[in-house]
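# give the three-dimensional model of this entry:
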Amino acid sequence: MAEPDHALPELPAQAFHKLDTSDDADFYVQARLVTHIDDAALAALTDFYRQTLPAGGDLLDLMSSWVSHLPPEVAYGAVTGHGMNAEELAANPRLTRRFVQDINQDTALPLADGVFDGAMICAGVQYLQRPVAVLSNVARALKPGAPLIVSFSNRCFPTKAVAIWRGLDGEGHARLVELYMHRAGFDHVEISVLADGRTSDPMTVVVGRTSATPAAGAQT
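Numbers count the residues shown, from 1 in each chain. Next up, the predicted model:
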């Protein structure tokens, strides 16, 4: 079992427990080449990426899958994809580099300091058991001012989502991610609702930026 995130002592002791305590690698061993959020909500996310991520930049797609939802007409310098299933990552045509790692067990990302122009976590933050440790490592790998875009809807695998996520509503989820980011060293954080759920699945993004490069050897 992953250790608790000690950077969030104000949260309940059971906040990051999961209903299914089996090895996450076993859960993700089967490739899921499907989307779990509807097309309209994903189109809103793609448009947000189009406006926010720099064309030609080097990007990090953390907790990725077989699709990154990047705008098809925009070229990026490189896209590094992380996930839990090698087959899903291999099927993603936007990725130029891929690596598999259980970041609930090992939060130390194999990435150099200050190299990325942007990063994304789509529909994955609800599964992080040490979110501040993971996001601190993302901040370390980003250039100063580069955005980390964390997006989510109301969908999840409930047995693998952490307890505090299951107990909150959409606004609560956004405030929780905002807390994660501030605690991880992002000093500029903004919340945007891209789709309110009335005509499509809901879609919210939380964007964090750092004004300075975090110290090397971020919390692990």
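
# C-alpha only now, for contacts and for neighbours.
Fine.

# do a quick rundown of the strands in this structure.
Per DSSP state E, the chain carries strands over the ranges 58-62, 78-83, 97-100, 118-122, 148-152, 188-195, 203-209.

# got these as a markdown table, with distance to Arg130 and mean pLDDT columns?
Listed next are these as a markdown table, based on distance: least, C-alpha to C-alpha, whole Å; pLDDT from 0 to 100:
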| stretch | distance to Arg130 | mean pLDDT |
| --- | --- | --- |
| strand 58-62 | 14 | 98 |
| strand 78-83 | 16 | 98 |
| strand 97-100 | 17 | 98 |
| strand 118-122 | 15 | 98 |
| strand 148-152 | 15 | 98 |
| strand 188-195 | 19 | 98 |
| strand 203-209 | 17 | 98 |
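
# mean neighbour count and distance to Gln129 added to the ones you listed, as a markdown table?
Output for the strands of the chain, formatted as a markdown table (neighbours: other C-alpha atoms under 10 Å; distance: least, C-alpha to C-alpha, whole Å):
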| stretch | mean neighbour count | distance to Gln129 |
| --- | --- | --- |
| strand 58-62 | 24 | 15 |
| strand 78-83 | 22 | 15 |
| strand 97-100 | 16 | 17 |
| strand 118-122 | 24 | 15 |
| strand 148-152 | 25 | 16 |
| strand 188-195 | 16 | 21 |
| strand 203-209 | 24 | 18 |
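
# next, format these as a markdown table and append distance to Leu168.
Shown next, in a markdown table, are those (distance: least, C-alpha to C-alpha, whole Å):
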| stretch | distance to Leu168 |
| --- | --- |
| strand 58-62 | 23 |
| strand 78-83 | 25 |
| strand 97-100 | 29 |
| strand 118-122 | 18 |
| strand 148-152 | 13 |
| strand 188-195 | 16 |
| strand 203-209 | 14 |
